[in-house]
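Engineer: no FASTA, just this:
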């Protein structure tokens, strides 16, 4: 098995959410106890996923559906009220061809986080590796890295200029991205500084699945991912991605959250695994809706 570097995260008392008015689904803040556990230092990489597929024969939902949702951007400024301008279903897009079969992949592709994995796919990996997905409270506690109430996983300093703490959109969304440390799209894990618990890419780079079922007002949209949740089983994703921009989606923060349908895959959602106890926010897990 490709080495899965892990670190022990202590438990403690979490002040969860944000009362700062960034987005309504983040509040109100509440306190709860979270157990510690053994965490993957970084999101599951393409190399780790490739070994899982070779050993298990798993077929992803993206492959079953014949493609997946890909960020394609725009050629210039557009209204930010219509996500369909920069998202598209691309036939043949899946974990090994994240932008579609005709697009090249970087030489260090194996060290990038795997994407185009649905909740069902992530759960299959966990069963194979005898691990678990974190729940939302566990994830937020770990992402904060010991900082109580901080806006970002590294403190209060904005992620811009010469010093970057995470892979997020640099420039004018959705058409002009200067790149984070030169990366436009996902970056190899570990490019950016770890948080106080030694965890890498907890915010930015890719959104991460949790096992917590989404609860919020009906009709809340998936942040940056192009779909409105009206009904059906959804899970909570955390951490934001390389597409997050203060102009549109300031969600590369521990308190940020978004719903995602369990069979949906996109070019900016991945996951990491843990071995940990349940926090008081955990919900009963289920494998998700199987692909038809």
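Structural biologist: Looks like it arrived, so ask away. Quick caveat, the model's predicted, so the values are computed rather than measured. Numbering: from 1, shown residues only.
Engineer: which stretches in the stretch 1-150 of the chain count as helices?
Structural biologist: Listed in chain order, the helices of the stretch 1-150 of the chain (DSSP state H, counting those that start in this stretch) span 46-56, 61-65, 119-129, 136-144.
Engineer: closest to residue 86 out of those?
Structural biologist: Of all those, the one in closest proximity to residue 86, counting by C-beta to C-beta, is helix 61-65 (18.9 Å). All C-beta spots, glycine's among them, are computed from the backbone N, C-alpha and C.
Engineer: rounded mean pLDDT for that closest one, please.
Structural biologist: Helix 61-65 shows a mean pLDDT of 98.
Engineer: for stretch 239-250, same thing?
Structural biologist: Mean per-residue pLDDT for stretch 239-250: 96.
Engineer: list the buried residues of it.
Structural biologist: Neighbour-count burial for stretch 239-250, counted by 16 or more other C-beta atoms under 10 Å, picks out 239-245, 248-250.
Engineer: quick one: which two of these are the most distant?
Structural biologist: Applying C-beta to C-beta across the buried residues of stretch 239-250, the maximum distance is between 239 and 248, 16.2 Å.
Engineer: circling back to that earlier point, out of the helices of the stretch 1-150 of the chain, deepest packed?
Structural biologist: For these, the largest average neighbour count (mean count of other C-beta atoms under 10 Å) is found in helix 136-144, namely a mean of 26.
Engineer: who are the packing partners of it?
Structural biologist: Judged by 3 or more C-beta pairs under 8 Å, 6 or more residues apart in numbering; DSSP states H and E, helix 136-144 is in contact with strand 12-16, strand 30-34, strand 207-213, strand 234-238.
Engineer: sort out for me which of the buried residues of stretch 239-250 are in helices.
Structural biologist: Nothing among these maps onto helices, per DSSP state H.
Engineer: nearest to residue 20, of these?
Structural biologist: residue 250 (10.7 Å).
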